[in-house]
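Novice: this one's structure only:
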């Protein structure tokens, strides 16, 4: 029995070894190169490549040209708007003046690997001992560059003792040291630190600017895309270029060389825009039955009640902008074909009614999160919006030019 079991084990081992070897790459095949995500590959490297923060880039560029750079800067803004990228670009412009330096020192700075440009994560190096190490290192002259630059990301995470330790050094730093502090929560940075910095507030990047950059990235990647899909990715980013590129990376990985609205819906779980448009059109037509049917189809497709209300409010907002500002307005963040459709659908409403419908969506959205019957609230809201003409959502104060103010009069939207 033992010899039989041993022979069976040897046979299984002999069969498994070729299978295991077949899964390994051949000895003469090169190892696959690691993939670099779009957010890193298309990160801005010069002031001229910065998207959405041109005023800050121009100010820093002029400060270097005029020799008026400060010893400490504070970059504030939400995630993904270019704070750390701008800090690296600024450090590179300060330390890599010549062409030869730009190739060696400049590239190391942009990778975050230069010995004279020290990047510190405030979340993981937040204690008093870390601050003392930084102060001790600041006294050492730079190895090969004019300046020793400290980039402290998420600086608001530092503890109060760490801030106190840095205070004196930031007030009177060594002549060769500059600080660039980056934060998403500037209100948590002590006023004593802020008063010693030049502050720059990074704004959220406009959807149109994000969409333009995404089109450029897609062209360089040789990927075809529907304009409506590109605009949808740009809107979902909420002003963050990094978030937009990360979303685009996900969609590109799932596609076969072309990005469509249908692919976007499948990968990101976003409902088809035509379903939301049909629901809004039924509301505009005053057809409560059709509106309820479209709303049910939306929920049965996997859309949550909260997401449905958000999408419907976004649709009403697009119709309101189309009604008030016209199809050519930059505020209308839609592709060309969708713009014409929005203008056509907006004719069923007036601006006041659309503003009221957006308020209804917002109120029901907040109430549904605390309700035990959110579907009931959702359906009631759909019927209320479809029959808005029978309700009195607005109040007017009628006045007589020759007499006292009249009583409040209600009129349908």
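Specialist: Thanks, I have it. This is a predicted model, so every value here is computed, not measured.

Novice: on the three-state scheme, residue 151 is what?
Specialist: Using DSSP: H, G, I helix; E, B strand; the rest coil, the secondary structure recorded for residue 151 is strand.

Novice: that one pairs with what?
Specialist: Note on residue 151: beta-bridge partners residue 119, residue 180, judged by DSSP bridges.

Novice: and it, what's its pLDDT?
Specialist: For residue 151, the pLDDT comes out at 94.

Novice: and if you look at residue 21?
Specialist: Note on residue 21: pLDDT of 48.

Novice: how about the one 10 residues further on?
Specialist: Model confidence at residue 31, given as pLDDT, is 60.

Novice: ok, now the one 5 residues further on?
Specialist: As summarised for this prediction, residue 36 has a pLDDT of 83.

Novice: renumber starting at 59 from here on
Specialist: All right, first residue 59 from here; so that's residue 94.

Novice: secondary structure element holding it?
Specialist: For residue 94, there is no enclosing helix or strand under DSSP states H and E.

Novice: could you report the neighbour count for residue 152?
Specialist: Residue 152: 21 surrounding residues under other CB atoms under 10 Å. Just so you know, the C-beta spots here come from the backbone N, C-alpha and C atoms, and that holds for glycine as well.

Novice: name the element it belongs to?
Specialist: helix 141-153.

Novice: and that helix, what does it pack onto?
Specialist: helix 112-124, strand 130-134, helix 165-169, strand 175-179, strand 206-211, strand 235-241 (3 or more CB pairs under 8 Å, 6 or more residues apart in numbering; DSSP states H and E).

Novice: where do the strands sit along the stretch 359-471 of the chain?
Specialist: 452-455, 466-469 (DSSP state E, counting those that start in this stretch).

Novice: what about the helix holding residue 152, distance to the chain center?
Specialist: 21 Å (CA atoms, centre = their mean, to the nearest Å).

Novice: what mean pLDDT does it have?
Specialist: Averaging pLDDT along helix 141-153 gives 92.

Novice: so that helix versus strand 206-211, what angle?
Specialist: Helix 141-153 and strand 206-211 are oriented at 180 degrees to each other (axes from the mean of the first three to the mean of the last three CA atoms, to 10 degrees).

Novice: in helix 141-153, what's buried?
Specialist: By neighbour count on 16 or more other CB atoms under 10 Å, the buried set for helix 141-153 is 141-153.

Novice: can you count the residues close to residue 182?
Specialist: By the criterion of other CB under 10 Å, residue 182 has 10 neighbours.

Novice: same check on residue 316?
Specialist: Count around residue 316 with other CB under 10 Å applied: 12.

Novice: ok, which stretches of the stretch 309-458 of the chain are helices?
Specialist: Secondary structure of the stretch 309-458 of the chain, counting by DSSP state H, counting those that start in this stretch: helices at 319-326, 331-343, 346-358, 363-383, 394-404, 409-426, 432-444.
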